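**Student:** Give me the fold of what follows.
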Amino acid sequence: MQEHVYKFQKRRMFRQSYLIWLFPILPIFMEFTLIPRLVLNNENIIFLIIANVFFGIVTVPGIRLYYNYRRFSINKEFVITYNTIKLVDTATNSIIELNINDIETIELHTNELATKLPWSFYRYFCFTDKFKKRIVVTSFIMDISDLWMDSLARKISSEKLKRIDSTYSIIAR
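**Tutor:** Residues are numbered from 1 along each chain as shown. Reported below is the predicted structural model:
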């Protein structure tokens with residue numbers, strides 16, 4: 001039986017996450033370059049405080065979201081066969097398998113298009129069958145466009161797709 005296996009990819013994770021890790025580095029760089037100038041010139045350092053607060057507000061949710069997606073991606077394999085899809089956890093050897101004909105909904109969780117936040121590239125989709133079993137596939141493993149391009153996934157109906165936009169799409173079990 002033919003099957004296509006999609007695994008967690010570090011390259012894909014880095015491409016989607018580099019902006020999240022840029023935000024904690026920027027304030028450190030600003031403090032080392034701007035504090036000596038501001039102190040020597042007896043200028044107000046309120047700008048530096050406001051910048052640190054801004055970067056903190058953006059950084060903390062971004063890092064939380066990164067670790068959430070990473071937890072749902074690492075040691076996971078998404079396998080597509082002609083009649084089934086399954087998520088294999090290689091660390092625990094657990095398998096969640098869904099029959100393609102039993103799938104009721106496919107939820108695509110994306111960020112709102114207008115957002116310019118560092119995690120705007122994060123998205124995930126989840127399959128739910130009539131027995132309420134659920135498979136969550138993050139963008140670190142595969143994107144929804146990869147699913148529709150897969151030749152074995154042709155039996156999965158796109159009419160069951162429901163798009164859910166949010167500013168902060170964290171994965172919850």
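
**Student:** ok, longest strand in the chain?
**Tutor:** Criterion DSSP state E: the longest strand present in the chain is strand 103-111.

**Student:** which helices and strands sit right next to it?
**Tutor:** For strand 103-111, the packing partners by 3 or more CB pairs under 8 Å, 6 or more residues apart in numbering; DSSP states H and E come out as strand 124-129, strand 161-166. Where you see a C-beta, it was placed from the backbone N, CA and C, and this is true even at glycine.

**Student:** Pick the most buried one from those strands.
**Tutor:** With neighbours taken as mean count of other CB atoms under 10 Å, the helices and strands packed on strand 103-111 reach their highest mean count in strand 124-129, at a mean of 21.

**Student:** Glu31: helix or strand, and which one exactly?
**Tutor:** helix 10-40 (DSSP states H and E).

**Student:** swap in Ile80?
**Tutor:** Using DSSP H and E, Ile80 maps to strand 76-81.

**Student:** now for that strand, which elements pack on it?
**Tutor:** strand 3-7, strand 84-89.

**Student:** pLDDT averaged over the shortest one - what is it?
**Tutor:** Per-residue pLDDT over strand 3-7 has a mean of 93.
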